[in-house]
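*Asks:* just coords:
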């Protein structure tokens with residue numbers, strides 16, 4: 001059974017850091033692209049980052065470039081999103097999802113999401 005489970009969200013002050021985890025089961029993350037998305041209240045879901053299955057190619061939304069880093073640990077079957085220099089506008093529910101290729105934007109399995117709140 002394919003599952004994606006996010007964790008690591010929470011409340012953090014502006015300028016702080018969080019590391020989100022996306023633990024996969026039922027498939028090897030090394031065979032798929034894994035994307036991170038977020039959705040703030042009243043806003044559409046937006047893509048944040050994606051890591052490809054081969055060559056560790058990574059993509060980032062302009063709004064998070066230089067602050068967020070996506071990585072993958074194949075041994076733990078987990079993908080991470082390191083978020084630094086967090087801003088209030090980063091507040092959202094963060095989701096991870098699976099695709100064959102980042103460029104195709106066709107995600108078939110999604111996690112349940114983890115809340116990130118950036119506030120003083």
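*Replies:* Arrived safely. None of the values given here were measured: they were computed from a predicted structure. Numbers count the residues shown, from 1 in each chain.

*Asks:* other SSEs contacting the helix or strand harbouring residue 6?
*Replies:* According to DSSP states H and E, residue 6 maps onto strand 3-7. With contacts taken as 3 or more CB pairs under 8 Å, 6 or more residues apart in numbering; DSSP states H and E, strand 3-7 sits against strand 18-25, strand 92-99, strand 107-110. From N, CA and C alone the C-beta is placed, and that goes for glycine too.

*Asks:* what's opposite the residue nearest the centre of the chain in the beta bridge?
*Replies:* Note on the chain: the residue nearest the mean C-alpha position is residue 36, at 2.8 Å, using CA atoms, centre = their mean. Counting by DSSP bridges, residue 36 is bridged to residue 49, residue 96.

*Asks:* so it sits right up against residue 49, yeah?
*Replies:* Yes. The pair residue 36 and residue 49 passes the contact test of CB atoms under 8 Å, sitting 4.8 Å apart.

*Asks:* now do the shared contacts for those two.
*Replies:* 70, 81 (CB atoms under 8 Å, 6 or more residues apart in numbering).

*Asks:* show me the contacts for the residue nearest to the centre of the chain.
*Replies:* Under the criterion of CB under 8 Å, 6+ apart, the neighbours of residue 36 are 20, 22, 47-50, 70, 79, 81, 94-96.

*Asks:* swap the cut-off to 10 Å and go again
*Replies:* Shown in contact with residue 36 (CB atoms under 10 Å, 6 or more residues apart in numbering): 6, 20, 22, 47-51, 60-61, 64, 68, 70, 79-81, 83, 94-97, 111.

*Asks:* likewise residue 8?
*Replies:* 18-22, 80-83, 94, 114, 116.

*Asks:* how about those residues in TSV, adding neighbour count?
*Replies:* Formatted as TSV, the contacts of residue 8 follow (neighbours: other CB atoms under 10 Å):
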residue	neighbour count
18	20
19	13
20	24
21	17
22	27
80	21
81	26
82	14
83	26
94	23
114	22
116	22
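
*Asks:* spatially nearest residue to residue 48 (excluding sequence neighbours)?
*Replies:* residue 36 (4.4 Å; CB to CB, 6 or more residues apart in numbering).

*Asks:* all set, thanks.
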